[in-house]
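Asker: give me a 3D structure for the following:
(2 chains)
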Amino acid sequence: MVQLSCSNIQLNFGGVRALSGVSFEVFQGEIFAIIGPNGAGKSSMLNCISGLYHPQQGKVMYEGQDVTKLPPYERTKRGIARSFQNIALFKGMSVIDNLMIGRHLHQHAGLISGGLYYGPAQAEETRHREYCEEIIEFLEIQSIRKSIVGTLAYGFQKRVELARALALEPKLLLLDEPMAGMNLEETEDMVRFILETNEARGITIIMIEHDMGVVMDISNSVCVLDFGKKIAGGTPEQVQQDPNVIKAYLGDEDLEEP
Amino acid sequence: MQIDLNDMTFPKLLKKQAATIAAGKSALRQKGLGIWQSYSWQQYADNVRTLALGLHSLGFGTGEKLAILGNNRPESLFAEIAAQSVSGIAVSLYHDSTPQEVADALGKFDVSFVIAEDQEQVDKLLDMRDRLPKLYRIVYVKKRGMRKYHDDLLVSLAAVQELGSALGDQQPELFEQLVAAGNPDDTAIICLTSGTTGAPKGAMLSHRDLITMSLAFNEADPKQERDEYVSLLPLAWFGEQLMSVAAPLIAGYTVNFPEKQETAMADLREIGPHIMLSPPKVWESIATSVRVRMMDSTPFKKFMFNTFLPIGERYADCVLTGIAPPVSLVIGRFFADLLLFRALRDRLGLSHVRSALSGGASLGSNVFRFYHAIGVNLKQLYGQTEIAGITCMHRNGDVRGTTVGSPLPGTEIRIDEHGEVLSKSAGLFKGYYGDAEATRQVLTADGWLRSGDAGHLDQHGHLTITDRINDVLTVADGSTFSAQQIENNLRFSPYISEAVVFGGSGIPLVALIGITSRVVGKWAGDNKLSYMTFADLTSRSEVIELIAGEVNRANASMPEQARIVRFAIIYKELDADEGELTRTGTVRKATIGTLYKDLIDALHEGAETVAIDTNIEFPDGKTGHIKTTVAIRTA
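Answerer: Numbering: from 1, shown residues only, chains lettered A, B, ... in the order given. Predicted structure coming up:
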């Protein structure tokens, strides 16, 4: 089943055309990778899905509804969560508090009952804390539960970002370079978590990633962007053999010849 | 509790505890989802019952072996007692064992069933299945990551327990009948020996051995139902078997399992246990962490620490040698406790500890003194796995710094003509599994257990251990000296994590030193010393000078003939996966002697440098190449 479809997306920043005519479909439960050289428009594409940017042309359909014009928080309510390339956590707060903020969307206690922490508000807090604790166990970050995010190592911060995105209880998770800047062991852990998120929780994942080994290993389908255009798409094997992709990544052999 | 030794097994003891201890009292606790989740004694017994019946219906029966592979958790205990409930034998393995080590142990002990904690452990077993024709079922505890595994060997713990409860509904009397058939002289566990001097062997211990020992232990060091204990060390180590499985079934105290290995110290502090047993390595590392944190501390805190610790040490010296401390010292110590030690103990999770025990290897006297100085009642105990654990231990009010205490009730100690410590008690093991030759070697003709340790008894009946009988050094003037004592003395420096001393019998004493990477690395950072790798750090002249200073400090406290003449810093960290350490962190001297032969020879010859060009294997199976030059420094 198609969960998300982008058709003919065009995004301009003044005179600069960041995306032109990009279309693809993401199926329920798959891991979908967006790859491409620097400046290809990958993050812009992700921002169009999450609602941070609004494309001038084209349509983003999510679960059969047109969400092109919706602001980010509306999309989050419908089950789209994301992590950022540059970590965007509350650095002065503890890990558990960062996660609990992720649960805010699902909390309904009002100012007074929440402030008094009484009755239903207390029960609600407990329920959400339990949900967050399950994520903490899932991502194996028990030892840093109460640490202040800003004091943590980079690899841990990336993991906490994923945790917060999961706390939103998403149906579609957008990951912007989840493995960037990680060492081999951290990358292996992250891959394991992404696969587990996808398989055990049934969450569809769209990720941007530069580590080709990872992309080819774990994604079900790949979309290749270059200068704002989609130059290839399909399974990792198909994409790997596509002459356009080889050209985009390795340069054009025929360039020298007139 | 009245115990009839002629009819008592652990499953019967568990039934008794479940029937007598109040339902509100926790038997086990494990931290899950950030909260301590408890199991009452009844729940403990119920879990054992369903698991035992499940194993029974899968065909596990009398005399078969069940191996437990994973971190300490309540399920490990359920599995152990469940195996014993159907007259089977439990074998605990170290969770960080390599696949080869696991296969060796399973093969040697003819294991047919394994309880594996998670995917990681299951993978080890599946990798090695070709070598394990007797392996019949792998029961996994955590389902995570196991969805894609479809193998006839595999079954989940939950599924086995379901089988068991279905069987229990059909035949409600079956479990009681199976338990009643248990005989106290059946082997209850096969416990790995520490393996300090060779490959670990499997000591067969019966219910009677373990229960006798636990009763004697409880008499010498009484425990109460309201006591708390935190299970930090692998269950494959005999000490942990005693503290987490056997002794609680006698004394009824609560065993707590930490959430993860990384959170163990925080969990320890939350529980604030009353009793603890750890090998010296753990006590050393806690003491080191205090000293390291003090280096980083504010001037005020440093002042407090440097003022009060010596008062505590002087007080401890008096108490440990049996002298009444002068009144001024008692008053000083009162304020030191009020202003510093109390807070320090709280920080370390040792606020409530009534009985802190160290066993399994020799504890440095400096570390011992440190704990007594801060008001922790650290006691040494001594024993072997082969005699169900403990033969001697310190009693409250009779703790002496240099000894390992006096024999437990029912235990006899004798020193033979070679100076070797021999022991005998009702807890003596049934032999090594499948190794009658080794069993003969370790027992004398009249049934005494050889320890391989040299020692002597003093007029108070306390035993003092010198060293391994083969490692007792004869120094230049003909007197004997313990290498262990020198090593312990060196290791007290926060910069030194390992020290291995060679020499004696006319050959000058030399030492291989392992640096504490965390502390020396920090020292290097503070002194603006840049380095690339661990090997690079160890070869820096500044680091060598630093260590030379520490060696000289240690030398100063030793008699002339027992001083280190030359030393070299080991270029890599010692690792249990390479056999350099035992799984509980004790150095295997013989292995070090072979692996670093070139270096040791050069130390004896007094060469200036040694070129090292070697391949090492990392724990994850990758190999690395080390090429470095090790400097030899005269102390």
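Asker: how close does the nearest residue in space to residue A:93 that is not next to it in sequence sit to residue A:103?
Answerer: Excluding its sequence neighbours, the residue lying closest to residue A:93 (Cβ to Cβ, 6 or more residues apart in numbering or on different chains) is residue A:149, at 6.2 Å. All C-beta atoms are positioned from the backbone trio N, CA, C, and that covers glycine. Distance of residue A:149 to residue A:103, given as Cβ to Cβ, to the nearest Å: 16 Å.
Asker: who are the contact partners of residue 138?
Answerer: Let's take chain A. A:166, A:193, A:196 (Cβ atoms under 8 Å, 6 or more residues apart in numbering or on different chains).
Asker: the chain in question should be chain B.
Answerer: Applying Cβ under 8 Å, 6+ apart to residue B:138 gives the contacts B:113, B:114, B:116, B:122, B:125, B:126, B:151, B:153, B:154, B:155.
Asker: check contacts around the first one.
Answerer: The one in question is residue B:113. Per Cβ under 8 Å, 6+ apart, neighbours of residue B:113: B:55, B:58, B:60, B:64, B:65, B:66, B:67, B:83, B:136, B:137, B:138, B:139.
Asker: just give me the neighbour total for residue 147.
Answerer: With no chain named, the answer covers chain A. Residue A:147 has 15 neighbours, counted by other Cβ atoms under 10 Å in any protein chain shown.
Asker: think we crossed wires, I meant chain B
Answerer: That count, for residue B:147 with other Cβ under 10 Å as the rule, works out to 11.
Asker: any low-confidence regions in chain B?
Answerer: Counting by pLDDT under 70, chain B has low-confidence residues at B:1-2, B:475-478, B:616-622.
Asker: how far does stretch B:359-377 sit from the chain's center?
Answerer: Offset of stretch B:359-377 from its chain centre (Cα atoms, centre = their mean, to the nearest Å): 15 Å.
Asker: start to end distance for that stretch?
Answerer: 14 Å (Cα to Cα, to the nearest Å).
Asker: do the same with stretch A:33-49
Answerer: Terminal residues of stretch A:33-49 lie 14 Å apart, using Cα to Cα.
Asker: can you give me the buried ones in that stretch?
Answerer: A:33-36, A:40-49 (16 or more other Cβ atoms under 10 Å in any protein chain shown).
Asker: now do stretch A:62-73
Answerer: Neighbour-count burial for stretch A:62-73 [16+ other Cβ under 10 Å]: A:62, A:67, A:68, A:70.
Asker: mind checking what secondary structure residue B:612 has?
Answerer: strand (DSSP: H, G, I helix; E, B strand; the rest coil).
Asker: now do the one 3 residues further on
Answerer: For residue B:615, the reduced secondary structure class is strand; criterion used: three-state DSSP.
Asker: wait, what's in contact with it?
Answerer: Per Cβ under 8 Å, 6+ apart, neighbours of residue B:615: B:623, B:624, B:625, B:626.
Asker: nearest to chain A, of the residues you listed?
Answerer: Relative to chain A, the closest of the contacts of residue B:615 is residue B:624; by Cβ to the nearest Cβ it sits at 13.5 Å.
Asker: on that earlier part again, okay, the contacts of residue B:113 in a markdown table with distance to residue B:579 and secondary structure next?
Answerer: Converted to a markdown table, the contacts of residue B:113 look like this (distance: Cβ to Cβ, whole Å; DSSP: H, G, I helix; E, B strand; the rest coil):
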| residue | distance to residue B:579 | secondary structure |
| --- | --- | --- |
| B:55 | 33 | helix |
| B:58 | 35 | coil |
| B:60 | 32 | coil |
| B:64 | 30 | coil |
| B:65 | 24 | strand |
| B:66 | 27 | strand |
| B:67 | 21 | strand |
| B:83 | 29 | helix |
| B:136 | 30 | coil |
| B:137 | 30 | strand |
| B:138 | 26 | strand |
| B:139 | 29 | strand |
